[in-house]
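**Student:** Here is my input; please provide its structure:
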Amino acid sequence: MMFQNGGGNSRTGSPVDHSASIRKQQQTETDETFRDPHQNDTASDKNRIFSWGNGTNGQLGCGDKESKRTPVEVFLPSNPDGEICDTLITGVACGSRHSFIWTDTGHCYGFGNNFYAQLGYDFRKGNYKENQLEPHLLRSLFFGKVNQVACGERHTLFALENGKIAACGANNCGQIGIDSREETFVPRLIEELESVCKIACGANHNLAVTGDGKIFMWGYGRACGNNRQDIFIPELVHILQDDVIAVAAGGWHSLLLTGLSHGVFFTLSFVL
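**Tutor:** Sure thing, here's the model as predicted:
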């Protein structure tokens, strides 16, 4: 079992103590995201999902708004024919008050708070801001199959099989990466990025790693080392090695892991 740890609270930068665990059939991979300190999601070796903690916004996916002291199972919806989807769950991600599950078929399911459209549902529906108490298939993501999802405090990133990234939700710090603070109600492609293989969300900033080991950042300026302004489009992070293999983002800081041909070492990047 691998335990995942994320970052602080929004712009306050105050540390929080929280963890979520993922165990996947045949494959184990770490997904670093900003998480609610009172919420956990777990995918087990038997392709089942369990959640517990704060459920006041439906972020546990159990069909109610109750908090759970012990893990309860979360079920994906059936397909249009009424049959349960026979797919392998490949990952889970937790934001502040929302959650996502994705499968080996490239589909993803979101639940929890959607006030900022962080679940990416159709904003033309009158109730789109209401909490989603159970997992719902994201149907507005037309750009490709999903390889990974990362959740920020009030926004979501989707890494696609074709190497592109899409984002939706709150954009007050430019975390959607579209060169503005324009609100985004459904997932939008971030045109500047290609060949992305790994993503991470802090509370209000993001990191992306490309196949050639480069790392890009955007969103809340102070979390990206810019004390003067937020970053509205992905910006290349200049480091001594262009061989980044993993990233993690907190409320006001980021970590990266680099690899060399003769071994692997850690690089810590504190951006205050």
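**Student:** start to end distance for stretch 126-143?
**Tutor:** 25 Å (CA to CA, to the nearest Å).
**Student:** likewise stretch 236-245?
**Tutor:** By CA to CA, the extent of stretch 236-245 from end to end equals 15 Å.
**Student:** cool, stretch 56-65 as well?
**Tutor:** Across stretch 56-65, first to last residue, CA to CA, it's 4 Å.
**Student:** Same question for that stretch: list its buried residues.
**Tutor:** Under the neighbour-count criterion of 16 or more other CB atoms under 10 Å, stretch 56-65 has 56, 57, 58, 59, 60, 61, 62 buried. In this view, the C-beta of every residue, glycine as well, is placed from N, C-alpha and C.
**Student:** Quick check: the first one is in a strand.
**Tutor:** Pointing back at residue 56 there. No - read with DSSP: H, G, I helix; E, B strand; the rest coil, residue 56 is coil and lies in no strand.
**Student:** Nearest spatial neighbour of it, chain-adjacent residues omitted?
**Tutor:** residue 65 (5.4 Å; CB to CB, 6 or more residues apart in numbering).
**Student:** what do you get for the last one?
**Tutor:** Here the nearest residue to residue 62 in space, its sequence neighbours aside, is residue 72; by CB to CB, 6+ apart that works out to 5.4 Å.
**Student:** The fourth one now?
**Tutor:** Taking CB to CB, 6+ apart, and ignoring the residues beside it in sequence, residue 59 has residue 112 as its nearest neighbour in space, at 3.3 Å.
**Student:** Just say helix, strand or coil for the residue nearest to residue 56.
**Tutor:** coil.
**Student:** Okay, and the beta partners of the spatially most central residue of the chain?
**Tutor:** The centroid of the chain falls nearest to residue 150 when counting by CA atoms, centre = their mean (1.3 Å). Per DSSP bridges, the residues bridged to residue 150 are residue 157.
**Student:** Does it touch residue 91 like I think?
**Tutor:** No - with contacts counted by CB atoms under 8 Å, residue 150 stays clear of residue 91, the gap being 9.7 Å.
**Student:** returning to what we had before: per-residue pLDDT of the residue nearest to residue 59, please?
**Tutor:** On the pLDDT scale, residue 112 is placed at 97.
**Student:** With residue 266 instead?
**Tutor:** pLDDT at residue 266 comes out at 43.
**Student:** one step back: my guess is the residue nearest to residue 56 meets residue 59, correct?
**Tutor:** No - in this structure, residue 65 is not within contact of residue 59 by CB under 8 Å, at 9.2 Å.
**Student:** For residue 143, grab phi and psi.
**Tutor:** phi -90, psi -10 (degrees, to the nearest 10).
**Student:** What number of residues are in the vicinity of the residue nearest to residue 87 when sequence neighbours are not counted?
**Tutor:** Of all residues not flanking residue 87 in the chain, residue 103 sits nearest, at 4.1 Å (CB to CB, 6+ apart). For residue 103, the neighbour count with other CB atoms under 10 Å is 20.
**Student:** And residue 103, how far from residue 156?
**Tutor:** Distance of residue 103 to residue 156, computed by CB to CB, to the nearest Å: 16 Å.
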